[in-house]
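Trainee: I'd like to go over a predicted model; first the sequence, then the structure.
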Amino acid sequence: MSPPGRRRSAALSLPTVLVALLFLFTSTASAAGSVLGLDFGTLNLKAALVKPGIPLEIVLSKDSKRKETAAVAFKPNRDSKNNIIAEVGAFPERAYGGDALALHGRFPGEVFPNLKTLLERQGTDGDVGAVETYKGRYPSVQAEKVAVMGTTMIKSSAFADSEMPWSVEELLAMELANVKRNAEVMAGKGSVVEDVVITVPAFYTADEKRAIEKAAVLAGLTVHGLISDGLAVGLDYAKSRTFPDVTKGEKPEYHVVFDMGAGSTTATLLRFQAKSVKDTARYNKTVQELAVLGTGWDSTLGGDSLNQVILDDYVHKFLTKPVMKSRGVTADKIKSNGRLMARMWKEVEKTRQVLSANTETSSSFEELLPEIDFRTKLSRTDFEKLAEPFAARVAAPINQALAAAKLTMADIDSIILHGGMIRTPFVQRKLEEIAGGSAKLRSNVNADESAVFGAAFKGAGLSPSFKVKEIRDSDIAGYEAGMSYTDGGKERKQGLFSATSPVGNGAATKQVSFKDKEDFAFELYQVINGEERPTTRVQTDNLTASVKELNTKFGCEKGDVSTKFSIKLSSVNGLPEVIGGTVSCEVEGTGKKMGETVKDWFGFGGKKDQDPLVEGDDGPIEEVDATVSSSSTKSASSGSSSSGSAKTSSTKVPEKPKKRIESIPVTFATSTRGNPQPGPEEIKRMRDRLAAFDRSDHARLAREEAMNVLESYTYFARDFLGNTDYSSVSTAAMMGEVSKLLDTTREFMESPGQVAKATEEMFREKLSALKLLVQPIQNRRKEELARPEKVKALKKGLEDTQKLVVMVRGEVEKASTASSKASEMEVSKSAADAAESATAVPSPKDEFEDLEDADTTSPTTTTAPKYSSPADFSPYSDVDLKDVEGVYDSVAAWLKEKEAAQDKLKPYEQPALYVKDIDAQAAKLSAVVRDLTRKKSQKPKPTTSSKKAKTSKTKSSKKAKSSTTEAPSAEGSASASGKPNFMTIKGGEEMPSEEEILRMVRDAKGKGTERDEL
């Protein structure tokens, strides 16, 4: 029986298979898209693009930075009195990255950094109130956890109160969409970037992974994989290296990726090895394998937590100032001040980074509170004392990873350092203590960009558009997973996957057997800190009908029917998923079905090849019995076998009837469990609102561009009025009109209220009005400067064309005369040939001549060409002469007319003779001259004509004789056939004179009596 989820084509027709294969090949061949690797960090976003011609390049921000701060901000619209305008349906200005953080001091409640920390971590060790922690750091942000929506909602004062607050996923989608736009700019005009692989921490649960996927979908991206940070770094490490070959008995390499970033710390234990595997035909190939064996983490240990330590110390020192005590300012009051906290948070981040390289630093705040300045110092020693509780937590993730992999530090080859926090001195010392020295600490990957390069490499490997080094990678589940179902009215649970179960290469498929024969439901869950948290609900649709169909068609009893589902850890997000289900029974009979024959044709194997895959192919198939008692099922099976054997021995049947498996795929529906997910209508509402926000941004940019262009043109117009070069092509009234309109426009631009209300169309209309007055004057000046040279060039062209007309006319006349003389000569020659033919006496015929073998040889006699038209003597014809004369006359008349009209005009009047029209007339002359030149260069050389001359054998001549006449030379040698001589006129040569033609005729007549001997 084929394993559930592997729906072999037993029911597929040949046309269906052919169409499917055709679609597969054509879609693969036509795929040439781009792939984006994205390192979704707490503090920064980094992206790498893979595109034909762009191998693994970092996507730069609009400021040409290699990373973008993970922040988005709304800049509220304001009126002339600086009051916030929040209208329904209106959108504020939006900023990203560094531009967003620059608004933190002015709009602390409208800047949203570090949104990744707001993704709910239900039941994890870091679940200490993500929203409360976030609001403690950014007190002005109006964030609230909405349980019924399963997300955190953020209210913005830039929108009307009636507007729906923004979810964290929507805000994250804005950041992802911004990265997507930057990638498309980098990829080139017209490029579309949709496919993405995103890095996530190893401790992410189903809720957090789905939130990331939802944000990516809202941003217009297609997620091809969520890859753990440690595995991404491992891929980047492996892509340029080779490892020991275990098929040769060599020992694998074990490395720990220690990643300490702004929000969390993880340790990933990786095994690197090479292995020989079967390739095409009988050949083997060596592939590199990368497997995660264990992970450990501390989801709250990172740069932000250390920044918080410094901030608390600064607040404490600030409160010790006498003036603060006299005013009665408390720590809560300071920490609730959004602008103050924004300034301090920015400064403590800088302080921590400086202390990584220096032993002491100082911070200064001017008017941190009204009329109160604050200055303080912090040494590295004091900082490390403050951070001692956090330093003690550094070793825990590594120990967890070692325990999960059942290895010790002695088995580890190195600790690969990644993340910004690994530069902190006390962190490095702790790692040295764990590793037993600094020898195992390696900085052999880019600590900031290795993960994003690994994600991009993974994406390129998944895409059919790219061929990359084959590295077979596998992650682990991270959490235990199982299923819950109802059996006999009781809820039962069955474990399926452990925390270290592989995801990806070599992942196991659990083939779960149920005793249900009617439609039923079961759930999949993750075990998070000992709590079973549902992830997916599965409901069958056609199980009851399929069991009935098996009974009707094949006589299968309910007790003989087997219901099985295949469950696997998804290679996309690592969550347990149902990949297929079947209901089947064993019936008598053999023979292949049409579908199996089709599979044989295409190399899919026969019935025996439909058995569950063995380990090493696509991962092992592991049977899981979800019936009441596994042992009773096995014993029943054994009993059935024994009974069958007894029956075979008692009855004298020569051969036991063969069996076959009949199965029907079970259709089912899945629904998510855990945090509530938005329905289709809510998703549409989010998409529509984000699209409207994008349109608002585009409209705002277009309006700002129009305003800037108008402002720039007013400065140009001001300089234009002061330029005396335009005085000759304008009048005082014209300049006065320009000056008046310019003053009006400048007054408009200097009025903030009017500018704030103006639309893009208004700016463009004012710009058009100014250009309508200025550009005619500019154009007249340009025409005045360029016209003389253009007219001079056109007249020179007319002179050259006139010379060409004279030359062509002469050649045409000479060719016509030569043609007439040649025709007269042909007539005379034809008459002489006719007379000679009439007087010829036939030779007597030999009576044995017919008995001789026929002579198959047909010698050819070459004759000189006949001259019938002037084209034989010149490349030009009367038509060419008329064309060039017509163009010349037309252009000359046009120029004369326009010059006369232009001479009557004043310099400030619109010209009659434009430079563009002069260029058009010059192009006409150039075209006709070009055509004549091409005809002369392309005239074919005359060729001689040949005809077969028949010969016969006579009695007086024992051998047949044949002779060929040589073609006449270009120098004019006479033809032996009596035809007129042929002379080739090369380019630049003149036609032969009348005397030369007559001499050629006389020479031909003198030799006209010569003939080939027959």
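Mentor: On my side now, so go ahead. Numbering: from 1, shown residues only.
Trainee: pull the number of nearby residues for the nearest residue to Ala669 once chain neighbours are set aside.
Mentor: The shortest distance from Ala669 to any non-neighbouring residue, by CB to CB, 6 or more residues apart in numbering, is to Gln539 (5.1 Å). Using the backbone N, CA and C atoms, a C-beta is placed for each residue, glycine as well. Other residues lying near Gln539 total 14 when counted by other CB atoms under 10 Å.
Trainee: so after the helix or strand containing Gln539, what's the next helix or strand?
Mentor: Per DSSP states H and E, Gln539 falls inside strand 531-540. Remark: after strand 531-540, the chain's next helix or strand is helix 543-554, criterion DSSP H and E.
Trainee: quick one: contacts for Gly574?
Mentor: 209, 226, 475, 477-478, 503 (CB atoms under 8 Å, 6 or more residues apart in numbering).
Trainee: reformat those residues as a markdown table; add distance to Gly674 and pLDDT.
Mentor: What follows is the contacts of Gly574, written out as a markdown table (distance: CB to CB, whole Å; pLDDT from 0 to 100):
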| residue | distance to Gly674 | pLDDT |
| --- | --- | --- |
| Lys209 | 10 | 95 |
| Leu226 | 16 | 97 |
| Asp475 | 20 | 96 |
| Ala477 | 16 | 96 |
| Gly478 | 15 | 94 |
| Val503 | 19 | 96 |
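Trainee: from those, which land in helices?
Mentor: Counting by DSSP state H, the part of the contacts of Gly574 found in helices is Lys209.
Trainee: ok, of the contacts of Gly574, which come out buried?
Mentor: Buried members of the contacts of Gly574, scored by 16 or more other CB atoms under 10 Å, are 209, 226, 475, 477-478, 503.
Trainee: related to what we said a few turns ago, can you tell me the strand partners of the strand holding Gln539 and which way each runs?
Mentor: Here strand 531-540 has these sheet partners by DSSP bridges: strand 521-528 (antiparallel), strand 668-672 (antiparallel).
Trainee: the residue nearest to Ala669 against Asp516, yeah?
Mentor: No. Judged on CB atoms under 8 Å, Gln539 makes no contact with Asp516 at a distance of 11.8 Å.
Trainee: name the element Lys564 belongs to?
Mentor: Assigned by DSSP H and E, Lys564 belongs to strand 562-569.
Trainee: can you list the residue ranges for strands in the stretch 401-550 of the chain?
Mentor: Applying DSSP state E, counting those that start in this stretch to the stretch 401-550 of the chain gives strands spanning 414-418, 441-442, 471-476, 480-487, 490-497, 502-504, 509-514, 521-528, 531-540.
Trainee: need the ones you listed in TSV with distance to Ser926, can you?
Mentor: Output for these, formatted as TSV (distance: least, CB to CB, whole Å):
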stretch	distance to Ser926
strand 414-418	67
strand 441-442	70
strand 471-476	62
strand 480-487	79
strand 490-497	79
strand 502-504	68
strand 509-514	75
strand 521-528	78
strand 531-540	75
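Trainee: which helix runs longest in this protein?
Mentor: Ranked by residue count, the top helix of the chain under DSSP H comes out as helix 760-839.
Trainee: ok, back up a step: who are the contact partners of the residue nearest to Ala669?
Mentor: Applying CB under 8 Å, 6+ apart to Gln539 gives the contacts 519-521, 668-671.
Trainee: closest one of these to Val197?
Mentor: Nearest to Val197, judged by CB to CB, of those is Thr670 at 23.4 Å.
Trainee: can you give me the distance of the closest one to Ala508?
Mentor: According to CB to CB, to the nearest Å, Thr670 and Ala508 sit 20 Å apart.
Trainee: and these two? which has more neighbours close in?
Mentor: Ala508 (18 against 12).
Trainee: remind me which residues of the protein are low pLDDT?
Mentor: Scanning the chain for pLDDT under 70 picks out 1-32, 80, 120-128, 281, 590-618, 628-657, 836-873, 937-1014.
Trainee: thinking again about what came up before, kindly reformat the buried ones among the contacts of Gly574 as CSV containing distance to Tyr726.
Mentor: Formatted as CSV, the buried ones among the contacts of Gly574 follow (distance: CB to CB, whole Å):
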residue, distance to Tyr726
Lys209, 68
Leu226, 65
Asp475, 72
Ala477, 78
Gly478, 75
Val503, 74
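Trainee: closest to Leu575 out of the residues you listed?
Mentor: Lys209 (6.8 Å).
Trainee: so the closest one makes contact with Val572?
Mentor: No. Applying CB under 8 Å, one finds Lys209 not in contact with Val572, separated by 9.3 Å.
Trainee: find the residues that touch each one of those two.
Mentor: Residues within reach of Lys209 and of Val572 at once, by CB under 8 Å, 6+ apart, are Leu226.
Trainee: leaving out chain neighbours, which residue sits closest to His418?
Mentor: Asp259 (4.5 Å).
Trainee: that neighbour belongs to a helix, doesn't it?
Mentor: No. Read with DSSP: H, G, I helix; E, B strand; the rest coil, Asp259 is strand and lies in no helix.
Trainee: select only the buried ones of the contacts of Gln539 in PyMOL?
Mentor: Restricted to buried positions by 16+ other CB under 10 Å, the PyMOL selection for those reads:
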select buried, resi 519+520+668
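Trainee: now for the residue nearest to Glu491 when sequence neighbours are not counted: which residues touch it?
Mentor: Distance criterion CB to CB, 6+ apart; nearest residue to Glu491, sequence neighbours excluded, is Ser484 at 6.1 Å. For Ser484, the contact set (CB under 8 Å, 6+ apart) comprises 491-494, 522-523, 525, 532, 534.
Trainee: between these, which is closest to Thr199?
Mentor: Nearest member of the contacts of Ser484 to Thr199, counting by CB to CB, is Tyr525, at 25.1 Å.
Trainee: can you report how many residues neighbour that closest one?
Mentor: Residues contacting Tyr525 under the criterion other CB under 10 Å number 23.
Trainee: beta partners of it?
Mentor: Beta-bridge partners, per DSSP bridges, of Tyr525: Gly482, Pro534.
Trainee: I figured it was touching Glu532, is that so?
Mentor: Yes. Applying CB under 8 Å, one finds Tyr525 in contact with Glu532, separated by 4.6 Å.
Trainee: which neighbours do the two share?
Mentor: 482, 484.
Trainee: ok, back up a step: make a PyMOL selection of the buried ones in the contacts of Ser484.
Mentor: Filtering the contacts of Ser484 down to the buried ones (16+ other CB under 10 Å) takes a single PyMOL command:
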select buried, resi 522+523+525+532
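Trainee: dump the contacts of Ser484 to JSON lines, plus distance to Gln400.
Mentor: Formatted as JSON lines, the contacts of Ser484 follow (distance: CB to CB, whole Å):
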{"residue": "Glu491", "distance to Gln400": "32"}
{"residue": "Arg492", "distance to Gln400": "31"}
{"residue": "Lys493", "distance to Gln400": "25"}
{"residue": "Gln494", "distance to Gln400": "26"}
{"residue": "Phe522", "distance to Gln400": "31"}
{"residue": "Glu523", "distance to Gln400": "28"}
{"residue": "Tyr525", "distance to Gln400": "22"}
{"residue": "Glu532", "distance to Gln400": "21"}
{"residue": "Pro534", "distance to Gln400": "25"}
